[in-house]
Structures are given as C-alpha cells and as structure tokens.
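S.K.: sequence first, predicted model second:
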Amino acid sequence: MTSTSPASEPAARAAHPEHLGHVVFIAAAAAMGGFLFGYDSSVINGAVEAIRDRYDVGSAVLAQVIAVALIGCAFGAATAGRIADRIGRIRCMQISAALFVVSAIGSALPFALWDLAMWRVVGGFAIGMASVIGPAYIAEVSPPAYRGRLGSFQQAAIVVGIAVSQLVNWGLLNAAGGDQRGRLMGLEAWQVMLGVMVVPAVLYGMLSFAIPESPRFLVSVGRHERARRVLAEVEGDGADLDARVAEIETAMRREEKSSFKDLLGGTFFFKPIVWIGIGLSVFQQFVGINVAFYYSSTLWQSVGVDPTDSFFYSFTTSIINIVGTVIAMIFVDRVGRKPLALIGSVGMVIGLSLEAWAFSHDLVDGKLPATQGWVALIAAHMFVLFFALSWGVVVWVFLGEMFPNRIRAAALGVAASAQWIANWAITASFPSLADWNLSGTYVIYAIFATLSIPFVLKFVTETKGKALEEMG
C-alpha cells in the first residue's frame, strides 16, 4: 500500500460518527453471532454428564461428541469468507442464523448419539460462519477511531452468551430438581438446555434484516450510492463520502478478489502475515480456555464439588469473563492490542501454574485439601480474567484488522479455521489428559501461555489507529 502524509490522512481515520448509538447498534446486532457462538459453545457444559449417562459412553467417546461441533466450525469458518464475498455479509449472517435454529431443534430431539453429533456439526458450521463474518463486518463498518472497541463487541457477545447459557442451565437444573435427566416440558432437562438456543438464533436472524450491508462489499459489487449512504450512517455526514468510496474502490481495483490462492507464497506455504494470524488463533486456544467452559462443571465435580455448586462456580467464572472483556473494551483503543496481549499472557501463566500446583495434590475423601481447593478456585478465575482482558478480545480485533484488503476475507477464514481445529484438539484431548494427569495437563497449557509472549513480541505488529486500507 502507498504511504500517506499526515495532511493527506484518510478521511476514515479522522471521521467520527454523529450518531454513535446507531453504530453501536449495528455492531451489537452483528455480534449476536458471537452470542450464539458463546451460548452454543458453553451450553453443552450442562449436558455432559447426562449424555454420558443416557448413552452409556466413556470419556473418549463423550469427548468426541462434544468436540465434533468444532469440526463443523472449522468448515464453516473456511467457507464463510468466500460466501460473504459472493453474496454479502448480511446474507451470510442469515444463513448462519437459520443453521443455528435447525441445530438447536435437532440437538434437543436426538434419537441416537450419532444423531446428536450430526446436529452439533450443523451448529458448529453456523458458529464457524459467525466467527468469521462478525469481526470482518464490524471492522468494515466501524470508523477507525472506534474500531477496536466496536470490534471487541464480538468477544463481549461471546462471553455474555457463555454466561447466559450457564445461568439458563443452572435455572433449568434447579427446575428439574438438580438432575440433568429430570423431566421438563416433556423432555429431559439437558434437552431443554440445548433447545433454548432457538430463541437467540431467531433474534439474530431478525436483527440481520435491520442492519446495512458492508460498504466494502457494496463497492465491490458496484453499488456506490448505497455504499455512500452506509458510510454516512456510520461515519457521519461530515465525512468526505466521495473520498471514502474512492479510497475503498481504488484499493479494490488495485487488488484482486480474496481467494485462497492469494494466501500462498513465502517460505512455508502461506504468506507470513497469514501464519501470524494462524499463530494468534492457535495460541488463543492452546492455553486451554475452553476447558473452563466445556468441562468446568465436570472438572469441579471430579475434585469433590457438589453438582449444583459446580454449576454455580461455572457461572461465576462466566461473570469474571464478562468483567475481563469489559476491561479489554475500555483499554483496547487506549493501550493498544499488543500490550494487552502481553499483560494477559503473563497473568495466564501465573494462573495456570497455580492450578497445576493445586491439582498436583492427592484427593482426601474425594476432595482437594482445603488450601489447594481454594487456590484452584481462585487461580481458575484469575486465568479466565487475564484471558478475557487480553487474548479473548485482541485476537478477534487483530484478525479483523491485520490483513490487507486483498486477502482479508480468505485469510480471516483460514485463521478462524485454525482456531477451531486448535479448539477441537484441546476439547477432544482434555478428558483423556485429565485421566492421565490433571496437573500435567495444566502444565502443558501454562507452557503455551509462556510461548505466546515471545511470539507476540517478535511477530505481531500493532494495528491500533490504522485505517484498514493501510494494512499490508
């Protein structure tokens, strides 16, 4: 990309929306896909033991049923960029919402274990699409001055979705007398837990009809007047709309449409910037964050915590997750993406190391000793807090910003696919690793958190305050 002097700085960077509330609504509506992502990812936490009991399966098979959705996520993420470039970001959101509805109904009414797994793959495909389209769309409609905070809506929606699913699960469990297989509305409680996702899925679909298409997509298909109107909505009438459209059009004319082939080149198959995106995605998952949301109830029960209390601890972890995300939203545009990532990595190393120490002690009467139990509980919350205020938000912001226009959609799809594959690897391996050595498992996660520090220092470039057209 050609450089610009301060005097010729892109109009987008200086523009501030006159109706910020409208911009916030647009970003929040798009981030509903993130809410469903969080809800679907965590709701299974309330059904793990019921599925194990109903279908009489061991840890290895159970892990595959839980993790199989992540394979769908990887495929959804890999194809979403191409779909979005062909039919638009909004249509892609609507397809995702429809798949969420189908998945929720099917998961609530399975007739066999393979049937449940199949519907989870469908839901996973929807999550994968939402995980790509949400941050890409928000980055494309957000003025640079607000892009970091608006981009963090995706992660904020994810953590709220996690918390709401935990709260709903806790309420349904209590309504069923503390039994995941207790009867509710003619179904077992865990089936109702999975079926409730129909409500936010329908809301996501409805909201997608209330927000505008991305101006960058509109320019790409020649709808310049509509692109000007959208830019006026999000950047204010004071922005030089003709200059903004010309800026986007010039960038797109100079560069070919995003495709997988554009990502190739460099020493190791992909371009270096693509590998950095993949690295961010893999490190985000290899610290073991989703163990805290897929298996937290089972984990606490395994060290002697009462089932109802274990659901409560899972909910408090979700609240800490929200608090950390709010902190990140406040500071991501002030401190920058890179410093937050480094702060979070250090905090996660400490939290994971303390968890590894606590779980290294033998159980007494089926429980951890009091000191180790409290350390494990506090360290688990500390780990989630530092993840949420850093990697949970900044990775999504980075992925929405860091790639050049020419490869943004395709590169984001590859990076998100890598994230889901890494997520699957952690989710599928945790039960077996925990059976082998729970403390050793947390040592492995702590090692990855440690390695993330030199990775960020050496390879990651700050994107704070840059216009998307400057990335390259």
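M.R.: Great, that's in hand. Numbering: from 1, shown residues only.
S.K.: C-alpha only now, for contacts and for neighbours.
M.R.: OK.
S.K.: which regions of this structure sit below the pLDDT cut-off?
M.R.: 1-19, 144, 236-239, 251-262, 264-268, 293-311, 366, 465-472 (pLDDT under 70).
S.K.: need the strands for it, in chain order.
M.R.: 183-184, 187-188, 264-268, 270 (DSSP state E).
S.K.: after the third one, which helix or strand is next?
M.R.: Moving toward the C-terminus from strand 264-268, the first helix or strand encountered (DSSP states H and E) is strand 270.
S.K.: residue ranges for the helices of the stretch 201-350 of the chain, please.
M.R.: 215-220, 224-235, 241-254, 272-286, 291-294, 296-302, 307-331, 337-359 (DSSP state H, counting those that start in this stretch).
S.K.: cool, the stretch 51-200 of the chain as well?
M.R.: Counting by DSSP H, counting those that start in this stretch, the helices of the stretch 51-200 of the chain are 59-87, 89-108, 113-141, 147-151, 153-175, 189-195, 198-207.
S.K.: just the buried positions in the last one, please.
M.R.: This points to helix 198-207. Within helix 198-207, the residues scored as buried using 16 or more other C-alpha atoms under 10 Å are V198, P200, A201, Y204, G205, L207.
S.K.: before we move on, what about the first one?
M.R.: Along helix 59-87, the positions that meet the burial threshold by neighbour count (16+ other C-alpha under 10 Å) are 62-85.
S.K.: hmm, back to that, and the buried residues of helix 198-207, which is closest to V132?
M.R.: Ranked by distance to V132 (C-alpha to C-alpha), these are led by Y204 at 15.3 Å.
S.K.: enumerate every residue touching that closest one.
M.R.: Counting by C-alpha atoms under 8 Å, 6 or more residues apart in numbering, Y204 makes contact with A29, M32, G33, Q94, A97.
S.K.: for the first one, give its distance to F386.
M.R.: With distances taken as C-alpha to C-alpha, to the nearest Å, A29 is found 26 Å from F386.
S.K.: could you check the distance from the residue lying farthest from the centre of the chain over to D435?
M.R.: Distance from the C-alpha centroid of the chain, by C-alpha atoms, centre = their mean, peaks at D365 (38.2 Å). Distance, D365 to D435, by C-alpha to C-alpha: 18 Å.
S.K.: circling back to that earlier point, and of the helices of the stretch 51-200 of the chain, who's closest to V282?
M.R.: V282 lies closest, by C-alpha to C-alpha, to one member of the helices of the stretch 51-200 of the chain: helix 59-87, at 12.7 Å.
S.K.: check the offset of the closest one from the chain's centre.
M.R.: 13 Å (C-alpha atoms, centre = their mean, to the nearest Å).
S.K.: tell me what it is packed against?
M.R.: Packing partners of helix 59-87 (3 or more C-alpha pairs under 8 Å, 6 or more residues apart in numbering; DSSP states H and E): helix 48-55, helix 89-108, helix 113-141, helix 408-459.
S.K.: adding mean neighbour count and distance to G161, write those helices out as CSV.
M.R.: Below are the helices and strands packed on helix 59-87 laid out as CSV (neighbours: other C-alpha atoms under 10 Å; distance: least, C-alpha to C-alpha, whole Å):
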stretch, mean neighbour count, distance to G161
helix 48-55, 16, 18
helix 89-108, 23, 14
helix 113-141, 26, 12
helix 408-459, 21, 18
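S.K.: redo the ones you listed as TSV? Include distance to S214.
M.R.: Formatted as TSV, those follow (distance: least, C-alpha to C-alpha, whole Å):
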stretch	distance to S214
helix 48-55	39
helix 89-108	7
helix 113-141	6
helix 408-459	13
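S.K.: for V397, which of the ones you listed is the nearest?
M.R.: Smallest distance to V397 across these (C-alpha to C-alpha): 7.1 Å, for helix 113-141.
S.K.: give the other helices and strands that the closest one contacts.
M.R.: Helix 113-141 packs on helix 20-30, helix 32-43, helix 59-87, helix 89-108, helix 147-151, helix 215-220, helix 391-401, helix 408-459, going by 3+ C-alpha pairs under 8 Å, 6+ apart.
S.K.: any idea how many residues pack against V160?
M.R.: Look at V160: counted by other C-alpha atoms under 10 Å, it has 21 neighbours.
S.K.: over to V335?
M.R.: Residues lying near V335 (other C-alpha under 10 Å) number 12.
S.K.: nearest to S314, of the helices and strands packed on helix 59-87?
M.R.: That would be, of the helices and strands packed on helix 59-87 and by C-alpha to C-alpha, helix 48-55, which comes in at 13.6 Å.
S.K.: ok and that closest one relative to helix 113-141, angle-wise?
M.R.: Calculated by axes from the mean of the first three to the mean of the last three C-alpha atoms, to 10 degrees, helix 48-55 forms an angle of 150 degrees with helix 113-141.
S.K.: report the angle between helix 48-55 and helix 59-87.
M.R.: Using the same axes, to 10 degrees: helix 48-55 against helix 59-87 is 110 degrees.
S.K.: now for helix 48-55, which elements pack on it?
M.R.: For helix 48-55, the elements it packs on are helix 59-87, judged by 3+ C-alpha pairs under 8 Å, 6+ apart.
S.K.: ok so, going back, closest to E247 among the contacts of Y204?
M.R.: The closest of those to E247 turns out to be A29 (C-alpha to C-alpha; 26.5 Å).
S.K.: am I right that the closest one is in contact with M206?
M.R.: No - counting by C-alpha atoms under 8 Å, A29 does not reach M206; the two are 9.4 Å apart.
S.K.: picking that back up, the helices of the stretch 51-200 of the chain into a markdown table, with extra columns for distance to A246?
M.R.: Rendered in a markdown table, the data for the helices of the stretch 51-200 of the chain read as follows (distance: least, C-alpha to C-alpha, whole Å):
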| stretch | distance to A246 |
| --- | --- |
| helix 59-87 | 19 |
| helix 89-108 | 21 |
| helix 113-141 | 15 |
| helix 147-151 | 20 |
| helix 153-175 | 28 |
| helix 189-195 | 47 |
| helix 198-207 | 30 |
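S.K.: what's the closest of the ones you listed to P272?
M.R.: Per C-alpha to C-alpha, nearest to P272 of the helices of the stretch 51-200 of the chain: helix 59-87, 18.5 Å.
S.K.: now that closest one and helix 32-43, what's the angle there?
M.R.: On the basis of the same axes, to 10 degrees, helix 59-87 is oriented at 170 degrees to helix 32-43.
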